[in-house]
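>>> model this:
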Amino acid sequence: MTKNEKNSLLIATEIAKIVSSRDLVRSLKNKITRMKTKEVKLDFSDVEFVSRSAVHEFLSLRNQLQKKSWKKKNIEFTNTNESVKEMFRTVAANIAIPKNKRLLEKIEKIDIQTLIKKTSNS
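Next up is the predicted model:
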């Protein structure tokens, strides 16, 4: 396991400088759970790009490990460049308030006969 500190994993070394899939992120789960520390830093030094799906998987992994009652881990993302930070912000915001949920709240079901009646009464 490549680490720059006892409780840190270098993402560029562990995965790649361009992280573009969920599977790559999932491969870290076993390494993280085997670490002896409760605080784990995922160090994004030298990472050039992280895809939306990979960021979603990083956030899901952090959420899963924080909720465990046994072998609970706190995950921190460190040394992110501006594009990686922005992707994390975008995905986190979308998780908090999904776009499709907002659209579904505005959709009203109506049958065609009711619609015809409404337009003919106008």
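>>> hey, which helix or strand in this protein has the poorest pLDDT?
When each helix and strand of the chain is scored by mean pLDDT, DSSP states H and E, helix 99-106 comes last, with a mean of 57.
>>> average pLDDT across the helix or strand following it?
Sequence-wise, the next helix or strand downstream of helix 99-106 (DSSP states H and E) is helix 112-121. With pLDDT averaged residue by residue, helix 112-121 scores 77.
>>> tell me what helix 112-121 is packed against?
If you count contacts as 3 or more Cβ pairs under 8 Å, 6 or more residues apart in numbering; DSSP states H and E, helix 112-121 packs onto no helix or strand. All C-beta atoms are positioned from the backbone trio N, CA, C, and that covers glycine.
>>> in it, what counts as buried?
Going by neighbour count (16 or more other Cβ atoms under 10 Å), nothing in helix 112-121 comes out as buried.
>>> one more: stretch 14-22?
With burial defined by 16+ other Cβ under 10 Å, the residues of stretch 14-22 counted as buried are Glu14, Ile15, Ala16, Val19, Arg22.
>>> end-to-end on it?
Start-to-end span of stretch 14-22 (Cα to Cα, to the nearest Å) is 14 Å.
>>> equivalent analysis for stretch 47-56, please.
Termini of stretch 47-56 sit 16 Å apart (Cα to Cα).
>>> and that stretch, how far out from the chain's middle?
Put simply, stretch 47-56 sits 9 Å off its chain's centre (Cα atoms, centre = their mean, to the nearest Å).
>>> ok, the residue most central in space within the chain to Arg62 distance?
Closest to where the C-alpha atoms of the chain average out (Cα atoms, centre = their mean) is His56, at 2.2 Å. In this view, His56 and Arg62 are 11 Å apart by Cβ to Cβ, to the nearest Å.
>>> cool, and Thr37?
To Arg62, Thr37 is 15 Å away according to Cβ to Cβ.
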